[in-house]
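1. next comes the sequence, and after it the predicted model I'd like to discuss.
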Amino acid sequence: MERRDFIKKSVLTALGTAVAGTGLMQAFNHINGPKTEKMKITVLTGSPRANGNSACLAEQFIKGAQEKGHEIYRFDCAFKHIEPCRACNRCGMNGTCIFDDDFLELRPKLIEADMVVFASPMYHFGVSAQMKRVIDRFYAINGQIKGAPKKAAFLMTYADTAAREAEPMLVHYRTLMDYLGWTNVGEVVASGVWTAGSVWNTDYPQQAYRLGKSL
Ligand SMILES: Cc1cc2nc3c(=O)[nH]c(=O)nc-3n(C[C@H](O)[C@H](O)[C@H](O)COP(=O)(O)O)c2cc1C
């Protein structure tokens, strides 16, 4: 290296260190926006209440994620025609399902998604049956989604306030993520919300928004 190049390089390195040290680097990142890969995010909602609490969390998450430029596909499980898995095993866990229903629309959106979000109310300590039907249909695409490098998040709402009561849903979600090999990037657990829309009186919508915005 020429002496002049060496001096130039040293000055630039020193300048870079000084900038990083003063926090200016963070300011630059803020202005330009931190580098994020644009993701395809599939959001599954599980409540039959279109303006309910979990739908609110899903909307706020979507708002934050869209502001970061991510592409959202939303599938409202309770408003779709989804047959429950019959365990016929025709799909062989990696093939065509016997049912010709709305899962056909969701199927490619799950396979190609970089991230999948589950937003469900608590129904007797589990996710809603509407969402569970959809999860069970993952069986037919198991070979294509298991082990795929996907991110995931979980948004849940329930009326009671005991943290212990949220555990079965959280254990289910985390165990499913472990099985699929997807990375859990966040959970919003909204307790104490019973009537539709009551979650607006809490900080949980903000938490969901921040989670979406953090991606
Ligand atoms: C069938 C059913 C079962 C429920 N089970 C529970 C429960 O086990 N624990 C609880 O705290 N709340 C329970 N709830 C209340 C809901 O979880 C709560 O109202 C939630 O905020 C609804 O979300 P949503 O507005 O998105 O539908 C239940 C509600 C229904 C309709």
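-> Right, received. Where do you want to start? Numbers count the residues shown, from 1 in each chain.
2. mean confidence score for the host helix or strand of residue 135?
-> Taking DSSP states H and E as the criterion, residue 135 maps to helix 129-136. Averaging pLDDT along helix 129-136 yields 98.
3. by contact count, what packs against it?
-> strand 40-45 (3 or more Cβ pairs under 8 Å, 6 or more residues apart in numbering; DSSP states H and E). Any C-beta I mention is one placed from the backbone N, CA and C, and that applies to glycine too.
4. immediately after the strand it packs on, which helix or strand?
-> Next along the chain after strand 40-45, with elements defined by DSSP H and E, is helix 53-67.
5. and that following helix with strand 40-45, angle?
-> For helix 53-67 against strand 40-45, the angle by axes from the mean of the first three to the mean of the last three Cα atoms, to 10 degrees is 170 degrees.
6. on that earlier part again, in the helix holding residue 135, which residues are buried?
-> If you call a residue buried by 16 or more other Cβ atoms under 10 Å, then helix 129-136 has these buried ones: 130, 131, 132, 133, 134, 135.
7. residue contacts, the fourth one?
-> If I follow you right, that is residue 133. Residues in contact with residue 133, defined by Cβ atoms under 8 Å, 6 or more residues apart in numbering, are 77, 82, 83, 84, 85.
8. how near is the spatially closest residue to residue 181 that is not a sequence neighbour to residue 89?
-> Leaving aside its sequence neighbours, residue 181 sits nearest to residue 147 (Cβ to Cβ, 6 or more residues apart in numbering; 4.7 Å). The gap separating residue 147 from residue 89 is 20 Å, by Cβ to Cβ, to the nearest Å.
9. what does residue 105 give?
-> Applying Cβ to Cβ to residue 105 and residue 89 gives a distance of 23 Å.
10. cool, residue 126 as well?
-> For residue 126 relative to residue 89 (Cβ to Cβ), the value is 24 Å.
11. repeat that for residue 133.
-> Distance of residue 133 to residue 89, computed by Cβ to Cβ: 18 Å.
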